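S.K.: A predicted structure for the sequence below; I have some questions about it.
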Amino acid sequence: MAATVPSASHAAKPGTRHGNGRGYTVVGTTLLAGLLLQQLAGWRWPWLTALQADDLYKQLTGFALLGFIAHQWYFPLLRATGRSQRAVHAGHLHKLAGAAVPLLFLVHAQQPGHAYTVALCLTLLGVFLTGLASPENLRLQHPAARTAWTVAHVGLATALPFVVAAHVYLSYVFE
């Protein structure tokens, strides 16, 4: 019996090592459902509330989120510079990290806040939701759908650092 060698497209097929992203989708959707349930029920963890009241904690988790956002830009930069071999691995890390957004948000803040912080939360949520609704996850093959998704996801991701910068600036000016 001859051994078969997987084709180059093998890694992109469902059921292969990295599959079609359903694992990331399940993790992300589960974390989002938990965060929404927590928000709608008004549940708060007193120990986390106490941590989040500490300025140092807020700054450390905020800078950790800033590092997370910077990390998420690593994948598209690899693709843009033509390093497709490294981009494949980075893409999986990008999706896995993106799936953790609801948990990362909860660690930093148990509620969205007011005014500009709501805009920040909505922008972050938009990036997260468009990531979950990727053409691969929805099995969309039409070029217009893929283009619309790319514009939405990349557009929101591009807006995010500006909204984060405003948040950081206003946080330090007013606190």
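M.R.: Yes, it's here. Note that the structure is a prediction, hence the values are computed from the model and not measured.
S.K.: all contacts plus neighbour counts: C-alpha atoms, from now on.
M.R.: Will do.
S.K.: Give me the nearest residue to Arg86, chain neighbours excluded.
M.R.: Excluding its sequence neighbours, the residue lying closest to Arg86 (CA to CA, 6 or more residues apart in numbering) is Leu78, at 7.0 Å.
S.K.: Tell me how many other residues surround that neighbour.
M.R.: 17 (other CA atoms under 10 Å).
S.K.: tell me the centre residue of the chain?
M.R.: Geometric centre of the chain, nearest residue: Gly98, 2.8 Å, by CA atoms, centre = their mean.
S.K.: Does that residue touch Gly131 like I think?
M.R.: Yes. Assessed by CA atoms under 8 Å, Gly98 is found in contact with Gly131 at 7.4 Å.
S.K.: Residues contacting the helix or strand that Phe75 is a member of, please?
M.R.: Counting by DSSP states H and E, the element that carries Phe75 is helix 74-80. Contacts of helix 74-80 with the rest of the structure, by CA atoms under 8 Å, 6 or more residues apart in numbering, involve 84, 86-87, 90-91, 94.
S.K.: Out of these, which end up buried?
M.R.: Among the contacts of helix 74-80, those scoring as buried are 87, 90-91, 94 (criterion: 16 or more other CA atoms under 10 Å).
S.K.: Could I have the CA atoms of the worst-scoring helix or strand of the chain on mean pLDDT written out in PDB?
M.R.: When each helix and strand of the chain is scored by mean pLDDT, DSSP states H and E, helix 135-138 comes last, with a mean of 87. Taking Å, rounded to 0.1, in the frame of the first residue of the first chain, the C-alpha atoms of helix 135-138 are listed here in PDB:
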ATOM      1  CA  PRO A 135     -16.300  34.000   5.100                       C
ATOM      2  CA  GLU A 136     -14.600  30.700   6.000                       C
ATOM      3  CA  ASN A 137     -16.900  30.200   9.000                       C
ATOM      4  CA  LEU A 138     -20.000  31.100   7.100                       C
END
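S.K.: what comes up buried for the helix or strand following it?
M.R.: With elements assigned by DSSP H and E, the helix or strand that comes after helix 135-138 is helix 143-174. Going by neighbour count (16+ other CA under 10 Å), the buried part of helix 143-174 is 149-150, 152-154, 156-157, 160-161, 163-164, 167.
S.K.: tell me how far helix 143-174 is from the chain's mean position?
M.R.: 11 Å (CA atoms, centre = their mean, to the nearest Å).
S.K.: swap in stretch 137-154?
M.R.: 17 Å.
S.K.: now stretch 97-105
M.R.: The answer for stretch 97-105 is 6 Å, by CA atoms, centre = their mean.
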